[in-house]
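>>> Generate a structure from the sequence data that follows.
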Amino acid sequence: LVLMHIPDRERALDRMIAALKPGGWLVEEDFDVASVWPDPGRGPGEVLSKTHLAMAQIMDDRGVDRNFGRRLFGLLRSHGLVDVGAAGRTFMWPAGSPGPALMRANYEQLREAMLAAGYVTPQQLEQDLARLEDPSFFMPSPILWAAWGRRP
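Next up is the predicted model:
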């Protein structure tokens, strides 16, 4: 869950692959936070908040590759690894579970940047933070991709 945040992520992946001994395996996990979004049409507790959209915009502004996890399979193949595979997992995150706690931490960490950019108002942010605690709240997690490959 790091490479998606690094500006020179593909160079970092190159270095990781170069460090493998022949026959060595690389396993990398990263999120795809762009393919699965909360959809209020699916249920009244599933909310796509203004703060969630603001966080995505800040990530884009900062050069985060929000689809990096999804790209791992192709990247490992293009780097010459063999026996490449990938699996994606997603979960429902109800209030009180680790998922909304992670969202709260992300919102708090990006609070000043989201407010300064005008992507969310202080009132919207506070409302969305409170919503994470609402017993009726739930949202799908990002897709957590695990990809693996072996150096020939």
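
>>> Correct me if wrong: G43 contacts F138.
Yes: here G43 reaches F138: they are 7.3 Å apart, a contact under Cβ atoms under 8 Å. Bear in mind the C-beta positions are built from the backbone N, C-alpha and C, glycine included.

>>> of those two, who's got more company?
F138 (20 against 12; other Cβ atoms under 10 Å).

>>> could you measure that one against R89, distance?
Remark: distance between F138 and R89 (Cβ to Cβ, to the nearest Å) = 17 Å.

>>> so how far is L75 from the closest residue to F73 other than its chain neighbours?
Distances taken as Cβ to Cβ, 6 or more residues apart in numbering put A86 closest to F73, at 3.9 Å, once the chain neighbours are dropped. Counting by Cβ to Cβ, the gap from A86 to L75 is 10 Å.

>>> Same check on E29?
E29 is 13 Å from L75, where distance means Cβ to Cβ.

>>> Pull up the overlap in contacts between the two.
Here E29 and L75 have A147 as joint contacts, going by Cβ atoms under 8 Å, 6 or more residues apart in numbering.

>>> Please say which of those two ends up with more neighbours.
Higher neighbour count among E29 and L75: L75, with 20 against 17, using other Cβ under 10 Å.

>>> if I pick that one, what's in contact with it?
Shown in contact with L75 (Cβ under 8 Å, 6+ apart): E10, L13, A147.

>>> List buried residues within these.
The neighbour count (16 or more other Cβ atoms under 10 Å) marks L13, A147 as buried among the contacts of L75.

>>> What are the contacting residues of the worst-scoring helix or strand of the chain on mean pLDDT?
Each helix and strand of the chain was given a mean pLDDT (mean pLDDT, DSSP states H and E); the minimum falls on strand 138-140 at a mean of 91. Residues outside strand 138-140 that contact it (Cβ under 8 Å, 6+ apart): 36-38, 43, 45-47, 90-95, 99-100, 103.

>>> Can you tell me which of those residues end up in helices?
G99, P100, M103 (DSSP state H).

>>> for the residue located most distally from the centre of the chain, helix, strand, or coil?
The outermost residue of the chain relative to its centre, with distances by Cα atoms, centre = their mean, is P22 at 30.9 Å. For P22, the assignment made with DSSP: H, G, I helix; E, B strand; the rest coil gives coil.
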